[in-house]
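> my questions are about this predicted structure, shown below with the sequence.
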Amino acid sequence: MDIDIPRDFAVDADDQVQSPLFRVPLEVRRTIYELAFREQPFDGGNYVKGISEESFIVNESQDHQDPTEDTPVFDGSLPNWLRPGCTARWKTETALLRTCQLVHNEASSLLVSKVLHRCYQGYGPGVSPSLYIQRLTDAQRSHVHRLHLFTQVRDFDRHGSWLRQQLKPVAESLQHLTITLRDLGDAPETRMLLNPYQTGEAKVQAMYQFMEKSQRGEELNIPPSSWAGTFAFLPALKTLTMELEDHEGRENELEALAQWATTWKFPLGGDQFMTSKTAASSRAWRRPRPQYQGSFQGPYTPPWIITWTVQWHAPSSRTTANSGASQEKSIPTPTETGNETHIPRPAYDPRMGGLNSIFSGASDESIRELIAWGVL
């Protein structure tokens, strides 16, 4: 466990030696906290009524020829951002933080650092990274370690500085970043194009020219102003995962792009680079068939969506060299200013956009009353 909560930042609390929990080592307590903070799906929290993970066909092999009759049928319309792993809202229970001050001191930063923060640029059940991060306090941002960004190539690749601007508030703390470049079906004739060696929107001819240069073993330089130059500004980053998606029928082009991506080396400053150490992997998935065909002549079967996953790792020496840039800070706990005690907002829920929106605007007096009534 690499989380260190300085006691200097925590409010004084009783030692709680009468509790069995505080008679075990801190490392064991942190493991308990992690288990307590594990994400769980909301009961009945599906984005679309009746949809579930079982509504999608997922195939981890290269054989995507399942019979049409085996494809689940859904009676209704589905937003095109629904996908395996994105069918229902998730929550993180935070009642443990309100049991006592000592638990809050030890566990509050762990909650923010262990949860996977999900952001959606364009279409999706959540908001963009910039809006999502704005809802967090400065101290909470300093504990954001894991972030998953869902976006599209047309948004992601058009302006090289876009990604850097979105991640800037959590740049010092972010350790694990996943970027899913989604296929949303709104431009089926447009194939997946991505080129880290040029700024602006990727073009087919230029991309293939750089592919050929890579195959010849030429040394290629990534412009600092491109999207691929962003990772040098994330001093704590350990892993980068990219998911590249496209429709069936373009499997060969997508596979070629994924295999080329394993050769990319993202500069981290000095002579260090983030590199891919494992082979790219693929899977395919398909949405359920709609019950009503509309203008389609005959049965309509949604196309397979092919997803290739590539992962890069920073050298272990980079973590040591930049350890000062991402040192942990404690999340604020109740403090006194004059005669007034400021109570931190309860019910932190990253799926609801930071602090629970119901209480985020409440006054300290209102929070005290809710606590007195047993609501919090």
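Arrived safely.

> CA only for contacts and neighbour counts going forward, please
Fine.

> quick one: stretch 98-108 to chain centroid distance?
26 Å (CA atoms, centre = their mean, to the nearest Å).

> and it, what's buried?
Within stretch 98-108, the residues scored as buried using 16 or more other CA atoms under 10 Å are Gln101, Leu102, Val103, His104, Asn105, Glu106, Ala107, Ser108.

> same check, this time on stretch 178-185
Residues of stretch 178-185 classed as buried under the neighbour-count rule (16+ other CA under 10 Å) are Thr178, Ile179, Thr180, Leu181, Arg182, Asp183, Leu184.

> how about stretch 199-218?
Using 16+ other CA under 10 Å as the test for burial, stretch 199-218 gives Thr199, Gly200, Glu201, Ala202, Met207, Phe210, Met211.

> hang on, the earlier thing: any idea which of the buried residues of stretch 178-185 is closest to Thr239?
Top of the list for closeness to Thr239, among the buried residues of stretch 178-185 and by CA to CA, is Thr178 at 8.3 Å.

> so where does the closest one fall, helix or strand?
strand 176-181 (DSSP states H and E).

> which outside residues touch that strand?
Outside strand 176-181, the residues within contact range by CA atoms under 8 Å, 6 or more residues apart in numbering are 145-153, 237-245.

> selection in PyMOL covering whichever of those residues are buried, please.
Burial among the contacts of strand 176-181 is assessed by 16+ other CA under 10 Å; the matching PyMOL selection reads:
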select buried, resi 145+146+147+148+149+150+151+152+153+237+238+239+240+241+242+243+244+245
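
> narrow the contacts of strand 176-181 to those in helices?
When DSSP state H defines the helices, the subset of these inside them is Val153.

> so of the contacts of strand 176-181, which ones are in strands?
146-151, 239-245 (DSSP state E).

> can you redo the residues you listed as JSON lines with pLDDT and distance to Thr31?
Shown next, in JSON lines, are the ones in strands among the contacts of strand 176-181 (pLDDT from 0 to 100; distance: CA to CA, whole Å):
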{"residue": "Arg146", "pLDDT": "95", "distance to Thr31": "18"}
{"residue": "Leu147", "pLDDT": "96", "distance to Thr31": "21"}
{"residue": "His148", "pLDDT": "95", "distance to Thr31": "23"}
{"residue": "Leu149", "pLDDT": "94", "distance to Thr31": "27"}
{"residue": "Phe150", "pLDDT": "93", "distance to Thr31": "30"}
{"residue": "Thr151", "pLDDT": "91", "distance to Thr31": "33"}
{"residue": "Thr239", "pLDDT": "97", "distance to Thr31": "23"}
{"residue": "Leu240", "pLDDT": "98", "distance to Thr31": "25"}
{"residue": "Thr241", "pLDDT": "98", "distance to Thr31": "26"}
{"residue": "Met242", "pLDDT": "97", "distance to Thr31": "29"}
{"residue": "Glu243", "pLDDT": "97", "distance to Thr31": "30"}
{"residue": "Leu244", "pLDDT": "95", "distance to Thr31": "34"}
{"residue": "Glu245", "pLDDT": "93", "distance to Thr31": "36"}
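
> identify the bridge partners of the spatially most central residue of the chain.
When CA atoms, centre = their mean is applied to the chain, the residue found nearest the centroid is His148 (1.6 Å). Judged by DSSP bridges, the bridge partners of His148 are Arg118, Thr178.

> okay, now the domains of this protein?
Taking automatic domain parsing as the domain assignment, the ranges for the chain are 35-326, 341-376.

> need the pLDDT of Ala280.
With respect to pLDDT, Ala280 scores 97.

> confirm for me that it is in contact with Gln259.
Yes: the pair Ala280 and Gln259 qualifies as a contact (CA atoms under 8 Å) at a distance of 6.6 Å.

> what helix or strand is the closest residue to Trp90 other than its chain neighbours located in?
Sequence neighbours aside, Pro41 is the residue nearest to Trp90 in space, at 4.1 Å (criterion: CA to CA, 6 or more residues apart in numbering). Assigned by DSSP H and E, Pro41 belongs to strand 40-46.

> wait, is Arg89 part of a helix?
No: membership of Arg89 in a helix is not supported by DSSP: H, G, I helix; E, B strand; the rest coil, which gives strand.

> what's the closest non-adjacent residue to it?
Leaving aside its chain neighbours, Arg89 sits nearest to Gly45 (5.3 Å; criterion: CA to CA, 6+ apart).

> also Gly126?
Nearest non-adjacent residue to Gly126, counting by CA to CA, 6+ apart: Tyr120, 5.5 Å away.

> again, but for Ser226
Excluding the flanking residues, the one nearest Ser226 by CA to CA, 6+ apart is Gly160, at 4.2 Å.

> surely Lys238 and Ser276 touch.
No: Lys238 lies out of contact with Ser276 (CA under 8 Å); the separation is 11.9 Å.

> mutual contacts of these two, please.
Contact with both Lys238 and Ser276 is made by residues His313, according to CA under 8 Å, 6+ apart.

> and the strand holding Pro41, what does it pack against?
If contacts are counted by 3 or more CA pairs under 8 Å, 6 or more residues apart in numbering; DSSP states H and E, strand 40-46 sits against strand 88-91.

> before we move on, back to that, most widely separated two among the buried residues of stretch 199-218?
Within the buried residues of stretch 199-218, Gly200 and Met211 form the most distant pair, 17.3 Å apart (CA to CA).

> that'll do, ta.
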